[in-house]
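A.B. asks: Predicted model, plus sequence, below.
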Amino acid sequence: MGIRLKELREYRNLSRYRLAKLSGVNESTLQMIENSDNPNPTFRVMCKIADALEVSLDDLRKESEQ
C-alpha cells in the first residue's frame with residue numbers, strides 16, 4: 001500500500017506535509033506507510049488518507065501501477 005499511496009500523492013502533486021494537513025494524519029505516519037514501516041494502518045487512518053486524496057479505499061489499496 002505504501003507505493004500506491006506515494007503514487008497517488010505524487011500524482012496530485014502533494015507533499016507529505018500537505019497531505020498530512022489535508023488528512024489530519026501525522027506526516028511521520030504517512031512516511032512510515034510509504035516506507036512500509038507501517039504496512040497495516042488502521043481503518044480510520046486509511047479513510048482519512050483516501051478522503052484527502054479523493055479516492056476510494058479500494059483505489060488506495062490497489063497494487064502499484066509501476
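C.D. replies: Happy to help now that I have it. The shown structure was predicted, so the numbers you read here are calculated from the model rather than taken from an experiment.

A.B. asks: Please verify my assumption that Ala52 contacts Leu30.
C.D. replies: No. With contact defined as CB atoms under 8 Å, Ala52 does not count as touching Leu30 (10.0 Å). Yep, even glycine has a C-beta here, placed from its N, CA and C like the rest.

A.B. asks: In contact with Ala20, which residues?
C.D. replies: Each residue near Ala20 by CB atoms under 8 Å, 6 or more residues apart in numbering is listed here: Asn26, Glu27, Thr29, Leu30.

A.B. asks: Buried members of these into ChimeraX, please.
C.D. replies: Buried residues among these (16 or more other CB atoms under 10 Å), as a ChimeraX selection:
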select :29,30
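
A.B. asks: where along this structure do the helices fall?
C.D. replies: Counting by DSSP state H, the chain has helices at residues 2-11, 16-23, 27-34, 43-53, 57-61.

A.B. asks: mind giving me CSV with those helices and columns for mean pLDDT?
C.D. replies: As requested, the helices of the chain are exported to CSV (pLDDT from 0 to 100):
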stretch, mean pLDDT
helix 2-11, 93
helix 16-23, 97
helix 27-34, 94
helix 43-53, 95
helix 57-61, 89
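
A.B. asks: circling back to that earlier point, overlap in contacts, Ala52 and Leu30.
C.D. replies: Common neighbours of Ala52 and Leu30 (CB under 8 Å, 6+ apart) are Leu19, Ser23.

A.B. asks: can you list the contacts of Ala20 in TSV and add distance to Asn40?
C.D. replies: Shown next, in TSV, are those (distance: CB to CB, whole Å):
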residue	distance to Asn40
Asn26	16
Glu27	19
Thr29	12
Leu30	15
